[in-house]
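**Q** pasting the sequence and the predicted coordinates here, then a few questions.
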Amino acid sequence: MSVALLLAIGGLTSVGLYLITARSLSRIILGFSLLGHAAVLGLLTAGGPPGPAPIANQLDGAASANPVPQALALTAIVISFGLTLFLLALARRQQLLSGEDLVEDDLEDRRIRDEEPEAETDQGADAHGTSAEDDDRFAYDLEDADVATGTEAAS
Amino acid sequence: MLPFFGRTSILWAMFSSSAFWVIGVAHVLGIAGAAMLGQRSIRRGLAVGALAPAVAALWAIGRLLQDDAANDPIVSELTWVSGLDLSLRFQLDALATMMTVLVSGIGAMVFVYAIGYFGPKAKGGGRFSASLLAFSTSMLGLVWADSVWTLFIFWELTSVTSFLLVGHKNTDGAVLAAARRALMITGGGGLALLAGLLVLARESGTTVLSDLGPVAGTPAVWAAVLILLGAATKSAQLPFHVWLPGAMAAPTPVSAYLHSATMVKAGVLLVAVVGSSFADVTTWKALGMAFGTASMIWGAVGALRHRDAKLILAWGTISQLGLLITLLSIGTGKAIFAGISLLFAHALFKAALFLVVGEIDIRTGTREIDELHGLARSMPITFGVAVLAGLSMAGVPPLLGFTAKEAAIEAVLGTSGWERWPALIGVIGGAVLTVAYTLRFLLTVFGSTPAPHADLRDDDAPAVADTRVAPRRLAMTVPAVILSGLGLLGYIFIGAVNSIVGPAATELNEKSSVYELIAWPGIKLAFVISMLVVASGAVLGVLASRHTQAAPQPLGADGADRFLDGTLRMARHITYRVQHGSLPVYVATMGATAALAASPFLFALEADHLVLWDTPIQAVLALGVIGAAIMGAFVNSRLGAALTLGAVGLGVSGLFVVHGAPDLVLTQLLVETIVVVGFVVGLGHLGQRFPRSSNIWRNVRLGVAALGGIAVMAALAAASANPSGQPPIADVTEAAVEIGGGNNVVNVVLTDVRGLDTLGEVVVLATVALGILALANARVSGPSDTSGGSAESNGVASDPKGVTT
Amino acid sequence: MIAPSSPMVRTGIQVATPLAVVVGIYLLFAGHNNPGGGFAAGLVFGAIVVLRSVADIQQPSRARELMAFGVLLVVIVAAAPLLWGDLVLDQAVVSTKVPLLGKVKSGSALPFDIGVTAIVVGLVMSLLDGLGQTGRGTDLDASDDRTEVAA
Amino acid sequence: MSTLIALTILAPLAAASLGVLLRNRVVWRDIVTVIGLFASAASSFIMLFTVADQGSYRLHVGGWSPELGIELVADRFATLVLPVALSIILVVEVFAIGQRRTAWGANPELTGPLLGVLTSGVSLAFLTGDLFTLFVAFELILVSSYVLLTHQGQREQVRSGMSYVVMNLLASTLFLFGLAFVYAAAGTVNMGLLAERIPELSDGVRLGLGAWFFVVFGTKAAVFPLFSWLPDSYPTAPTTITAVFAGLLTKVGIYAMIRFHTITEMDALGPIMLVLAGITMVIGAFGALAQSDVKRILSFHVISQIGYMLMGLGLFSTAGTTGAILFLVHHMPVKTVLFLVGGLIENHEGTSSLDRSGGLASRKPLIAALFAVPALSLAGLPPFSGFVAKFAVISAGIQADAVAIVAVALIAGALTLLSMTKIWLGVFWGSDADQSDILRSQAGIVSTSVANRRAMFGATGLAVAGTLTISLFAGALFDLSEKAAFELRGDTPAVIDGAEDASAINNGGQP
């Protein structure tokens, strides 16, 4: 097994993971593309070392590359292709609805969080103040300023 | 009995052998009938409901009269899940027959009583009659049960049906709280019971109640504690008693039936039935007595303090259940006999007293003893009933309660060892208080003494005048008269009672067979104690009826509700920690979990099979791919990102070429093109730059990303180190040409060998297309809001904070 | 949609169309023996559709029908062997001579691949709709209701 | 048998494509869809009886040997679970046809075909003996669920749809990686061969594979800490859709887990699974308690109940696996019914929020009755199927001396009961809030025709009857589950009826 390929797989995975933890759906789509590449390469690697293309009448008896993972990989590519397109359409939809392609938080979850009485009394602050503080603990926020300057929503 | 139904009559034998099922079916039909007829008129529903219990009661009495009960127990079994030993196994022995008489007999009378209790125009008649009969059926199943699981099944059913009955008037918030409290406490106890029974069944190797053998050791202690917990919750023992006073929110027929005569006895019965298995387990006896004596005293104190007549009775029930639990967990022959006798007597007098209170409530419009007085004149029959039942409860001769209490004191005096003194103090103390609260109740309600709080009443009637009452209703009076009269008749025909109670107690403990109830014991220690008890209790009672305390807080009920609400609060707290609602957090959690899951691979890492690269060009391509990917991650313009995506795709295609996968190359390039174009076209309306994220979160993301990459590399390296099987490359190639008829092996695999995968794959594509079309055709704001039922969430969603958090 | 419809581009696309169709057909038939296959062919056809649509030459329609047809074809190919008592997805191999391509040894794999192609083209068509969505689409629920009431 | 298997998988697909073609002919479209789903469900029932009678059946698709091609396995486990799952989809489709004209309905033009795709995916997932085909089946199920969830394109749905898609897409990607690992380690993706080859691997690789696939399947099954996508997405879909999701999707995950982890003998993962099972149960129950919306409460229950199935699996004993399988069989219909009743509530109250409804029991006692049965079953109260299932799992725990998890399971049971009373008190008892009249009129009950109502109530009633049937025949189902568990674990049963069947495996197709 080739270390170079392993590194490529690992690198793609890492970058892919980094991207899909973003809030922007277009970044997430990029991330999934990279992850898809990594998985496909992983399947190929798992099938064994490289070899001539598995086209029977051109082999002349030589052992070809393993065709099965190639077939699996093709299926995988096609499926992730389809899902990527779906995500694109969703992103487009989200942009249509909100002007951005950002993933929003679940409102019911937030409601439960905001109604959390202990959090309110702990901090002795008003409900909004506390929930904002709580959010900082999971600080993955997009700064409002950046949203404002960084986007020029067409709609 | 009747010649027609004589002992040797074939008809009787036929009926007896299949009676379980006949009666069971009659009950189920009765439920349906009551539900339907009760819709129109509650009286009709109740009348129909009374039929099945009446039949069951008559049959049981018939068996008693013919001594079938003791000599010829009927056993019947219906297997349900044989693999789990779950079956409906019933046995009608002497104890079960006695309980049937009580459950169905009192049940039938309560149905009749309810006809009077509810006016003819009461609503929800179908619901009420059906639930009441459903409860009666469950209770019957419970007393017939001869397998631990049958017992448990009906145990839980009584909890559920009683929930429905307690919450009959369900528009009132307090009623709802009471119903919830009752269900949760008894239901929780049911779960403890389940665990306890599981352990018991495993330890004793059988699930048949009548075959249970003695158990010992640590598991037995666990089983004892868990089963007692179950019994204590159901029988309202301290500190689980809090649901019972609340359950008085139920209509009075329900209280009379469930909360005095039958359901609360389930725990007592349980202690009696499985008690023999725990004869050698000290914990059983100690814990049972602790529950019992504490409840005995505290319940009686509660009864002395309350001013609502129904609550007085409810607290009295807690106290008397404590006495029963104490006696039955002592477990000697004498104690069992006394316990069963008292159980019998208690069912009669307590049900009668509840019926009296219900009648007072209906006819005067109040149950507050402060507002009631002089009812002895205006409700003479009710007064008679109350005196008979009350004195029986207080243990005054010539009533059944007296002999039963004699037996109890005898039994406690007969014990030896550590349990003697606590039991004695509990029983005597409880008995004194019982006499006291009984007298207080009788004196204030029926006597003409002005109530201590008379001056507080805003009633303009003269303080000493009797409470005005509505006319008598026959349906309410008759059952009460019968029940209280039985207390007197039982004393007179003590032999008949003995023939019911004796065999029943003997089923539980063979040593019980030598004891019997004695109408007039003569001047013995127990009698002396008993008379002293009555005397001192009487003094206390008279005093108590003249003085009054501040209205007691509903002790404990608050606590239970606080506990339940606290659970809800805790649930919120935990949920908000876990379910944060933010996708990036979820994704990161999942990535981290996956990386963690891959950690075992690290222990299997080997380097032997690794080479640096297959060809140098592979290494170059790999570096290029990584570089482009990293650029893509940090580039801030969308177009740039799309371009790097294309570059990565090209590099990966190159790697495919190196690996000998031309089909992949072709497909990859085409796919890549479409995706990049789609990306640019579809998201072209968006800003050119990505919004930036804050630094703390970026570090977490970087960490997860790094871990994930390492995990995947380690996993692949480790997995390929020592494969346990080799892919059949040559076979596939050969088969592709010969069977599949194609030279491009990959294509043959796709369309033929693994054609099913491809079929699935293209259906995925078609479905995606449908989805995209649907999105394209959906209006931005449709007429319907289906957002989890909360209409306002759409409004909130436009709040920009929805994005920023 | 963004429409870079300069006359040059349009002409170029008009000219390229038949060429791409030929390439697509080649890929479809060659797949069994050489790299290619229904998926690749579908994407090539799809690319033509995209280009023609972008250049405003022709707007695609009937994507749903195309896909439904594709799925039906694929399912029939999969199920057909059952009719003559074989197993699901059993292959029938036939050799035919196709002009320009020479001898093609193929069988039920070919209709299978055609089905795949149809679906992929349908997908690409729908993508055009999906990315160009305006949010003013007709509400399907409502229209359906009307049909139902009328029926 | 081969025909039956093909029919189960392909008939709904054919119906789906015809449904798309016929999209403007409403009646025909519905008829075709129902026929397709019915054909699938019916053949799965025939398979159940055939397999129970004659033993498991292996179909080599296209006649290729398992080394090379795809194998479909109609074994006792698959054929036991499949009919239940497929009947659910059929019932929901009927409900959906009834519900379409109200505001709460899903787009009927799409639900039919998509449910067809979903059915096909579920059949394939249950029947496949090939790990990669399982991946494809998962994708079929997921992609149809993505579309079902988002097809109305409303803001809330798109938001939750994004969470749902992204989480599941990541899980799918992890699945692909897992396939790569498996292929690297064992050179095959056929599960029968994996059952032989994975136990031969070194401990590290073996456990690594087990844990990795635990994460993959655990995400689909919504196991702690991978469940977060579920409660955020399910409630936003139209009720019919949620009913299918709740009944099926997570169960496919747990199904895959039961199959994969038992045949590859991952016993060493047992303790971890038990810990996670306990946390899942409790967190799910707590989550349910924290909610104030019927659909959200029910969604969290899905998670909690997954914990019980995981507990059964994690015990890695035949009794435990039996319990898990029985729980699976019981849970699917019960959960679906509860959501369908949720749909009825929505239709009548105009909301599924607890705070804004009340007193439904007196207005619509039938809905109350339809709710009570599955709710009690879910809470594990006898004599309903939930009791038997929970009992089986818990007694397996007692047998294995796993005291801690049994205690947790019992406590979670109490919490479940509490949250069911919460719904009961909030919706069925209490006084009706003033708003509900307005909401009700908005909900468009007025426009619901009698025929539509009949379809909805009929479907729900049928499903309730189904759960009661499961309760009634719990004994037979337990026996079937036990045989399935024996077969999965490869144990030799000591004394079990028809034990010889378990070993008799008919080979379909030439190797």
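**A** Arrived safely, thanks for sending.
**Q** buried ones in stretch B:614-632?
**A** By neighbour count on 16 or more other C-beta atoms under 10 Å in any protein chain shown, the buried set for stretch B:614-632 is B:614, B:618-619, B:621-622, B:624-626, B:628-632. (C-beta placed from N, C-alpha, C; glycine too.)
**Q** wait, stretch C:9-20
**A** Residues of stretch C:9-20 classed as buried under the neighbour-count rule (16+ other C-beta under 10 Å) are C:9-10, C:13, C:17, C:20.
**Q** how about the longest helix along chain A, does it reach chain C?
**A** Longest helix of chain A, by residue count under DSSP state H: helix A:67-98. Yes. For helix A:67-98 and chain C, the contact criterion (C-beta under 8 Å from any C-beta of the partner chain) is met by A:74, A:78, A:82, A:85, A:88-89, A:92-93, A:96-97.
**Q** what packs against that helix?
**A** Identification of packing neighbours for helix A:67-98 by 3 or more C-beta pairs under 8 Å, 6 or more residues apart in numbering or on different chains; DSSP states H and E yields helix A:25-46, helix B:662-682, helix B:729-735, helix B:745-748, helix B:755-777, helix C:109-131, helix D:131-150, helix D:155-186.
**Q** how about the helices of chain C, start to end?
**A** Using DSSP H, the helices of chain C run over residues C:7-30, C:38-54, C:63-83, C:109-131, C:140-150.
**Q** most tightly surrounded among the ones you listed?
**A** When neighbours are counted by mean count of other C-beta atoms under 10 Å in any protein chain shown, the highest per-stretch mean among these falls to helix C:109-131, a mean of 26.
**Q** between helix B:662-682 and that helix, find me the angle.
**A** Between helix C:109-131 and helix B:662-682, the angle comes out at 20 degrees (axes from the mean of the first three to the mean of the last three C-alpha atoms, to 10 degrees).
**Q** pLDDT on helix C:109-131, on average?
**A** Helix C:109-131 carries an average pLDDT of 83.
**Q** can you tell me the closest non-neighbouring residue to B:L442?
**A** B:G390 (5.2 Å; C-beta to C-beta, 6 or more residues apart in numbering or on different chains).
**Q** sorry, back to before: list the buried residues for the longest helix of chain A?
**A** For helix A:67-98, the neighbour count (16+ other C-beta under 10 Å) marks A:67-98 as buried.
**Q** can stretch B:78-98 be found next to chain D?
**A** Yes. Against chain D, stretch B:78-98 shows contacts by C-beta under 8 Å from any C-beta at B:79-84, B:86.
**Q** among the residues you listed, which ones are buried?
**A** B:80-81, B:83-84, B:86.
**Q** and the helix or strand where D:S377 lies, what other elements does it pack with?
**A** D:S377 belongs to helix D:365-378 when elements are defined using DSSP states H and E. Applying 3+ C-beta pairs under 8 Å, 6+ apart, one finds that helix D:365-378 contacts helix D:318-349, helix D:360-363, helix D:385-399, helix D:403-423, helix D:450-472.
**Q** so which of these is nearest chain C?
**A** Closest to chain C of these, according to C-beta to the nearest C-beta: helix D:450-472, at 10.2 Å.
**Q** hang on, the earlier thing: now the helix holding D:S377 and helix D:450-472, what's the angle there?
**A** Using the same axes, to 10 degrees: helix D:365-378 against helix D:450-472 is 30 degrees.
**Q** what average pLDDT does helix D:365-378 get?
**A** The average of the pLDDT scores along helix D:365-378 is 88.
**Q** got the angle for that helix vs helix D:318-349?
**A** Angle of helix D:365-378 versus helix D:318-349, following the same axes, to 10 degrees, is 160 degrees.
**Q** using CSV, lay out the buried residues of stretch B:614-632 together with pLDDT and distance to B:P73.
**A** Listed next are the buried residues of stretch B:614-632 as CSV, based on pLDDT from 0 to 100; distance: C-beta to C-beta, whole Å:
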residue, pLDDT, distance to B:P73
B:D614, 80, 83
B:Q618, 85, 85
B:A619, 86, 87
B:L621, 89, 86
B:A622, 89, 83
B:G624, 90, 87
B:V625, 89, 82
B:I626, 91, 82
B:A628, 89, 85
B:A629, 88, 80
B:I630, 88, 83
B:M631, 87, 86
B:G632, 82, 82
